[in-house]
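[1] predicted structure and sequence below. I'll ask about it afterward.
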Protein chains: 2
Amino acid sequence: MVGRLIQSAKSAYQYPLIFKQLWHTPRVQAPDQEIVYRDLKRFTYLQIRERIGRLASALSKAGVAPGDTVGVLDWDSHRFLEAFFAIPMMGAVLQTVNVRLSPEQIAYTIDHAGASTLLVNDEFVGLLEGIRSRLPKVKRLIVMSDRPVPQTGSLSFVSEYETLLAAASPDYDFPDFDENTQATTFYTTGTTGQPKGVYYSHRQLVLHSICGLAQFGMAEQQGRFCRDDVYMPITPMFHVHAWGFPWSATLAGVKQVYPGRYEPAMLVKLIKNEGVTFTHGVPTILQMLLDAAASAKADLKGLKMVIGGSALPKALAKRALEAGIDIFAGYGMSETGPLAAVSHVRSKDLTGDPDGEVEFRAKAGIAGPLVDLRIVDPDMKSVPHDGKTAGEIVLRSPWLTQGYFNNPEGSEQLWAGGYLHTSDIATVDANGYVHITDRIKDVIKTGGEWVSSLQIEDLISQCAGVAEVAVIGVKDDRWGERPLALVVKRAADANGVSDAAIKSHLKTFADQGIISKYGIPEKILFIDSIPKTSVGKINKKELRERYGDM
Amino acid sequence: MVGRLIQSAKSAYQYPLIFKQLWHTPRVQAPDQEIVYRDLKRFTYLQIRERIGRLASALSKAGVAPGDTVGVLDWDSHRFLEAFFAIPMMGAVLQTVNVRLSPEQIAYTIDHAGASTLLVNDEFVGLLEGIRSRLPKVKRLIVMSDRPVPQTGSLSFVSEYETLLAAASPDYDFPDFDENTQATTFYTTGTTGQPKGVYYSHRQLVLHSICGLAQFGMAEQQGRFCRDDVYMPITPMFHVHAWGFPWSATLAGVKQVYPGRYEPAMLVKLIKNEGVTFTHGVPTILQMLLDAAASAKADLKGLKMVIGGSALPKALAKRALEAGIDIFAGYGMSETGPLAAVSHVRSKDLTGDPDGEVEFRAKAGIAGPLVDLRIVDPDMKSVPHDGKTAGEIVLRSPWLTQGYFNNPEGSEQLWAGGYLHTSDIATVDANGYVHITDRIKDVIKTGGEWVSSLQIEDLISQCAGVAEVAVIGVKDDRWGERPLALVVKRAADANGVSDAAIKSHLKTFADQGIISKYGIPEKILFIDSIPKTSVGKINKKELRERYGDM
């Protein structure tokens, strides 16, 4: 069908959705607003904007051209924020390198993305020396450091970041270009095989930034994000762009705080000293933050925190609520930009009773503006919105990766049937609240029944003395699979927990029909710690390798 | 420059920014939310969504095709909301006909836009009979009515709206199409010549809706718009799409109330009975609302109201604040979608003192996300952001009209130098607050000085006994122009106002250097009423015709 098209290519009113447009309002409305890096540096927005111009001038002079890929290896810093803007605004591609991967994987991702320039925090110079020979496409290195004299080891660097910026012009003339130009790439580690590259265009990330502001701004009471907030990421900037918040925060002109490497005491100190009110992270980070605040006798009242990456355990959510944190879950993944849903709870469900509220705050949430989130059966038919019937979450939205870089087969699977497949199993109720019951691969198939490992984990986490828990399926000749619970005791009340206590707790729920009786594990192993992935999620892949044959 | 383009035309992940995408979230999250029409009808969101499908099926069956223009002549109603979605979602163009224009102008706009179908409230059947012969392109009429049997006069109608909908399928398969497809058109009356047609694409209006939600959502404390709100327009839907709020409100899934023709008592009744918390209108409407609430002994506490179209007089703003209304100005025009800026006041400027707050609440406000609002001198150079230096507001944003329909000369002037020219003169301060000092054509040039008619009006409006005031320039042999003040006395305290009292009030400000002494008019005329344009603004064109030679 053809309506009346009204956009011509050359007109003055062409307005591409590209990163430089995010700066129109903060530049005028928040020129003196602060951007802080640890307890080391403070800049104004205007200074950061100038430094973005300088970085582009310097990179351009060093030979970086539109279409080139520039990798960054750094902890969360003002430098990373500068790279978040300068590199895409030049028309180049920003690769956020996951520095928590193994050296082999880091080498693989940099080479696979085709990066020709790297900005490297000198903490990673040792690592880089070890893999330099495997990076033939990398033509130039720039070192960044918090030290007066950066460590460069045996590597040859074009120059040091601050020296380059000081010598460069702040007045880089950032051009207009097609909004479908690639802006970023990064790699996601799956359960099998090599890391996979996802990639995003300017249009996608600008729309993600605005819809994020709309979604968090529209929230009735809880979990809002507004101009009065002070923002600090505790999800790494190399991991799905710190969920895109650095761009939204800049657009909103709020004060920003970048904490470098995540050190619990420093995080608590920055929250208190800089007045941080809005952050986000995985459940492990929340736990760490609560412990660190307790040690420092600091309180975290008034902090808003979005939890993602893994399910938010209700017991942990309750502990955070009781500490005065406005806690709530978000939902998304590397492939989805990431924002798909956020647990902005309706006013009527904010009863003030922590047990009642965590039921909503720990859900995956409600889908944001423009997100076509469906829960479907294997034939792609929508399941009823009854809060009971489960299906796979599939998505369309303006900011989903188009596939995996140089991986047509993986891309095709991801987009089967015209929707992005998340592999997450969920229900949706009459108010649109999405509740994840499991990952497709984390469902335990036992005796012809499906048991949700997430649900069993959630119930076990409520037992006294349990610090952490993971449930995996182990092979069983008779039942196909059986659940195995791996439990870490909490030092403070380790004596309160036992095999029998956990089983009896689960039995109560099985008797009420809340879980299947097949969901009660025969085996409960008490272990010292649960392995995590590079982004802080429970590493079930490693647990399966270690305990899957038990 | 060429970066790496990543959007291919046929992929599954294509996501055009078209109206149907606004329905993904409310459909799932607010299926039972209410949409109310006066005290006559109530629908749920799901029912309205079904009716949108039915309307598209009916129009399609009647012969409306993608690219056709369908005009609507109605007061604010659920039917108009249905047309806001159904017509553009089919790929057709919605023309919102300004029914307050003269019959000649109405005929001109319908014919000039090339509308082939009209949806007509039967209140306008008499009007339409008079101009039918001048509408040769109009092929079909559909009558709408609140009465059991619509009045059709001598005209021939395809059918009646409700009958058509009842017979049509709700399952219209709204297609995907290019987001640059034209969605709407309407006409704006200038100071000279015929009304001019502006036009908007799906992409533009979807971006306007989302950025509007982001802008109102991000507000710290005052003037927010969130899911708890109940929305009612008091800016006509035929006038710049009721500022785009019907689309934003639907996307947010809030309760909506459509008041039909604006009758003061009905407006107050709906606000109280339906719990309306968010509305918008011109200053005259606010005045009318305050008076009507006073008559009805109703209070308007908790109502949020955006004022646009004309400057918000501080005295009126203060009266509204004192009545418990969260009052604030917005800035935009027919050519700008309209949203360009909103007076969301920073927390630190919300002191609780009405006199202090109205200084901020009455400004044009701060520009919204993605709006490149500049204040420039005649050479298009930006003026300093000092709150003093004035220049013309020029704009770029993703939702500005590309020009005037079939009017290349007007379009070229509008977009001179690559920015849309507003003809508004303003200052901007270090926090990005924009303050309009005058319209280019409303500046009075006297003795080589520029006098702001808006500023003089604002000062006179503060005098006791003044209900309304307009200041225009009148010809003067010696000075070029001299200001003339036209004042309407307030019935309650008419005796308090006099020529001498007004001049002495102005002299105080001239003595302090706040206005030029040339700004004090020699002549102050007391008149019975000030003529308004069809959208409720002071009609300076008519005032100049009537009094300009005095």
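    Noted; the coordinates are in hand. Numbers count the residues shown, from 1 in each chain, chains lettered A, B, ... in the order given.

[2] how near is the residue nearest to A:Y161 when sequence neighbours are not counted to A:F526?
    The shortest distance from A:Y161 to any non-neighbouring residue, by CB to CB, 6 or more residues apart in numbering or on different chains, is to A:M144 (4.2 Å). C-beta here means a position set from N, CA and C on the backbone, and glycine is covered the same way. As judged by CB to CB, to the nearest Å, A:M144 and A:F526 stand 43 Å apart.

[3] which one of those two has more residues nearby?
    Each of A:M144 and A:F526 has its neighbours counted (other CB atoms under 10 Å in any protein chain shown); A:M144 has more, 22 against 15.

[4] so which residues of the stretch 201-350 of chain A form helices?
    Counting by DSSP state H, counting those that start in this stretch, the stretch 201-350 of chain A has these helices, from start to end: A:202-217, A:245-252, A:264-274, A:283-295, A:314-322.

[5] before we move on, the earlier item: give me the pLDDT value at the residue nearest to A:Y161.
    Among the per-residue scores, A:M144 shows a pLDDT of 98.

[6] one more: A:E545?
    In the prediction, the pLDDT value recorded for A:E545 is 87.

[7] next one: A:A510
    According to the prediction, A:A510 has pLDDT 88.

[8] list the contacts of the residue of the stretch 401-550 of chain A found nearest chain B.
    Nearest to chain B, among the residues of the stretch 401-550 of chain A, is A:G432, at 3.1 Å (CB to the nearest CB). If you count contacts by CB atoms under 8 Å, 6 or more residues apart in numbering or on different chains, A:G432 has them with A:366-367, A:385, B:25, B:28-30.

[9] the same query, at a cut-off of 10 Å, please.
    A:341, A:346, A:365-367, A:373, A:385, B:25-31, B:253 (CB atoms under 10 Å, 6 or more residues apart in numbering or on different chains).

[10] what's the closest non-adjacent residue to it?
    Closest residue in space to A:G432, ignoring its immediate chain neighbours: B:Q29 at 3.1 Å, by CB to CB, 6+ apart.

[11] for A:M144, name its beta-bridge partners.
    The residues paired with A:M144 through beta bridges, assigned by DSSP bridges, are A:N121.

[12] wait, the residue nearest to A:Y161 touches A:V72, no?
    Yes: contact criterion CB atoms under 10 Å: A:M144 and A:V72 qualify, at 8.6 Å.

[13] so where does A:V125 fall, helix or strand?
    Secondary structure assigned from DSSP states H and E places A:V125 in helix A:125-131.

[14] what comes up buried for the helix or strand hosting A:H112?
    Using DSSP H and E, A:H112 maps to helix A:103-113. For helix A:103-113, the neighbour count (16 or more other CB atoms under 10 Å in any protein chain shown) marks A:105-110, A:112-113 as buried.

[15] hmm, back to that, joint contacts of A:M144 and A:V72?
    A shared contact of A:M144 and A:V72, defined by CB under 10 Å, 6+ apart, is any residue touching both; here these are A:79-80, A:83, A:119-121.

[16] pLDDT and neighbour count added to those residues, as a markdown table?
    Converted to a markdown table, these look like this (pLDDT from 0 to 100; neighbours: other CB atoms under 10 Å in any protein chain shown):
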| residue | pLDDT | neighbour count |
| --- | --- | --- |
| A:R79 | 98 | 25 |
| A:F80 | 98 | 27 |
| A:A83 | 98 | 25 |
| A:L119 | 98 | 25 |
| A:V120 | 98 | 25 |
| A:N121 | 98 | 23 |
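
[17] B:L350: which of those residues is nearest?
    Taking CB to CB as the measure, A:F80 is the one of the shared contacts of A:M144 and A:V72 closest to B:L350, at 34.3 Å.

[18] what secondary structure does that closest one sit in?
    Assigned with DSSP: H, G, I helix; E, B strand; the rest coil, A:F80 falls in the helix class.

[19] sorry, back to before: just the contacts of A:G432: which are in helices?
    B:25-29 (DSSP state H).

[20] and which of those is nearest to B:Q95?
    B:P26 (25.3 Å).

[21] where's the closest one relative to B:Q33, distance?
    Here the criterion is CB to CB. By it, B:P26 lies 7 Å from B:Q33.

[22] find residues that contact each of those two.
    Here B:P26 and B:Q33 have B:45-46, B:48, B:250, B:252-254 as joint contacts, going by CB under 10 Å, 6+ apart.

[23] can you narrow those down to the ones near chain A?
    The overlap between the shared contacts of B:P26 and B:Q33 and the neighbourhood of chain A (criterion: CB under 10 Å from any CB of the partner chain) consists of B:252-254.
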